[in-house]
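>>> predicted model and sequence below, questions to follow.
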Amino acid sequence: MSKAILIREHGGPEVLRYEDHDAGRPGKGQVLIRHTAVGLNFIDVYFRTGLYPAPAGLPLIAGGEAAGEVLETGEGVDWLKPGDRVAYTVPVGAYAQQRVIAADRLVKVPEGISDDEAAGMMLKGMTAEYLLRRTFAVKPGDIVLYHAAAGGVGLIFGQWARALGVTLIGTVGSAEKVELAKAHGYEHVINYREEDFAARVKDITGGKKCDVVYDSVGKDTFEGSLDSLKVRGMLVSFGQSSGPIPPFSMGLLSQKGSLYTTRPTLFQYIATREELEESAGALFDVVKSGAVKIAVNQRYALADAAQAHIDLEARKTTGTTVLLP
């Protein structure tokens with residue numbers, strides 16, 4: 001019998017319970033995998049608290065990205081075999097030693113990328129990919145603001161954006177994180193606990209402001225993000241770690257400069273097999289090239305997932321965190 005972290009009611013980290021869990025056998029088009037590393041992401045907190053509804057209700061196994069080894073393939077799966085190294089991102093189900101998953105959601109992990117790196121880069125790295133290449137296709141010379149620059153997506157995003165030739169501004173919440181962000185591609189880093197980031201952006205850009213703001217913080221940064229955009233700039237709101245953005249009048253976008261805003265999610269950018277392979281391929285290529293390095297800065301045992309959530313919500317983690325089954 002394998003183990004998993006089950007959520008039987010929504011709440012704080014204490015609802016994460018390490019229990020026996022039978023992964024089952026793979027059916028048609030499915031694969032049984034043994035996880036070697038599981039990625040930790042803030043979206044896991046949203047599912048734990050109930051902010052995001054569980055796809056199949058409770059009980060729920062959280063976790064949206066992992067890497068592992070194929071143990072068994074189901075009928076019709078002829079492109080994978082036992083022993084293959086694979087990785088994936090899906091909304092939930094990764095906080096487990098083993099799981100059955102649809103084969104078409106898996107990608108093979110190339111040589112030169114470790115399981116820890118793969119587990120910590122799928123959701124975060126493909127998020128950076130669609131943000132930079134598809135939601136707003138940045139180009140050399142663009143001025144970009146990214147909130148939570150020292151987080152898991154932020155450190156990947158910074159390196160990738162810098163390689164694309166943009167002027168990159170990041171926000172963080174401590175002096176230590178300022179230095180970390182600077183080491184990962186951010187030309188300018190603002191400690192939002194000490195400075196008004198919108199005023200500082202205006203100063204840094206000589207009044208030009210930004211072509212695009214990428215904001216996963218939500219409620220606390222929303223108005224400042226709008227104030228950091230140039231006329232007809234775009235706010236990309238892709239998370240809400242500080243809470244949901246309150247309802248607002250669309251007229252606000254007109255008042256602040258005919259602004260655009262969008263609320264994308266990764267899973268609608270990798271919905272087809274073709275999109276998944278394209279996104280994962282671009283990510284693997286940029287990592288193998290050395291332009292982006294995956295910083296696995298924290299490791300916890302899967303059984304200690306509650307402590308990992310406590311540290312994540314307290315902003316004690318940086319870069320990538322993995323849980324080890």
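Perfect, I can see it now. Numbering: from 1, shown residues only.

>>> in which helix or strand does the residue lying closest to Ala148 once chain neighbours are set aside reside?
Excluding its sequence neighbours, the residue lying closest to Ala148 (Cβ to Cβ, 6 or more residues apart in numbering) is Gly154, at 5.1 Å. Just so you know, the C-beta spots here come from the backbone N, C-alpha and C atoms, and that holds for glycine as well. Using DSSP states H and E, Gly154 maps to helix 152-163.

>>> now do the host helix or strand of Lys124 against helix 152-163, angle only.
Lys124 belongs to helix 115-130 when elements are defined using DSSP H and E. If you take axes from the mean of the first three to the mean of the last three Cα atoms, to 10 degrees, helix 115-130 sits at 60 degrees to helix 152-163.

>>> how about the nearest residue to Thr261 once chain neighbours are set aside, phi and psi?
Residue nearest to Thr261 in three dimensions, not counting chain neighbours: Leu235, with 4.3 Å by Cβ to Cβ, 6+ apart. Per-residue torsions, Leu235: phi -100, psi 120 (degrees, to the nearest 10).

>>> what's the answer for Gln307, then?
Given degrees, to the nearest 10, the pair of backbone angles that Gln307 has is phi -70, psi -40.

>>> so what sits opposite the closest residue to Ile33 other than its chain neighbours in the bridge?
Distance criterion Cβ to Cβ, 6+ apart; nearest residue to Ile33, sequence neighbours excluded, is Gly68 at 4.4 Å. With DSSP bridges as the criterion, Gly68 is bridged to His35, Val86.

>>> before we move on, what about the one 4 residues further on?
According to DSSP bridges, Leu32 are recorded as the beta-bridge partners of Glu72.

>>> domain ranges for the protein?
2-121+294-324, 140-263 (automatic domain parsing).

>>> for the ones you listed, give me CSV that also has mean neighbour count.
Converted to CSV, the domains of the chain look like this (neighbours: other Cβ atoms under 10 Å):
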stretch, mean neighbour count
domain 2-121+294-324, 19
domain 140-263, 19
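
>>> who wins for proximity to Asp285 among those domains?
domain 2-121+294-324 (9.2 Å; Cβ to Cβ).

>>> what are the boundaries of the strands in the stretch 1-150 of the chain?
Remark: strands assigned in the stretch 1-150 of the chain by DSSP state E, counting those that start in this stretch are 2-7, 16-21, 30-39, 65-73, 85-89, 98-102, 107-108, 143-146.

>>> packing partners for the last one?
Using 3 or more Cβ pairs under 8 Å, 6 or more residues apart in numbering; DSSP states H and E as the contact criterion, the elements in contact with strand 143-146 are helix 152-163, strand 167-172, strand 210-215.

>>> adding mean pLDDT, write these out as a markdown table.
Shown next, in a markdown table, are the helices and strands packed on strand 143-146 (pLDDT from 0 to 100):
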| stretch | mean pLDDT |
| --- | --- |
| helix 152-163 | 95 |
| strand 167-172 | 97 |
| strand 210-215 | 98 |
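
>>> name the spans of this structure whose pLDDT lies under the cut-off.
For the chain, no stretch is flagged by pLDDT under 70.

>>> report the central residue of the chain.
What sits nearest the mean C-alpha location of the chain, by Cα atoms, centre = their mean, is Lys124, with 3.2 Å.

>>> for Leu266, phi and psi?
Dihedral angles (degrees, to the nearest 10) for Leu266: phi -50, psi -40.

>>> so what's Glu9 closest to, chain neighbours aside?
Using Cβ to Cβ, 6+ apart, the nearest residue to Glu9 is Val15, at 5.7 Å.

>>> so who does that neighbour touch?
Counting by Cβ atoms under 8 Å, 6 or more residues apart in numbering, Val15 touches Ile7, Arg8, Glu9, Arg48.

>>> how about those in a markdown table, adding distance to Ser289?
Below are these laid out as a markdown table (distance: Cβ to Cβ, whole Å):
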| residue | distance to Ser289 |
| --- | --- |
| Ile7 | 38 |
| Arg8 | 44 |
| Glu9 | 45 |
| Arg48 | 36 |
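
>>> please list all residues in contact with Val70.
By Cβ under 8 Å, 6+ apart, the neighbours of Val70 are Val31, Leu32, Ile33, Leu80, Lys81, Pro82, Gly83, Asp84, Val86.
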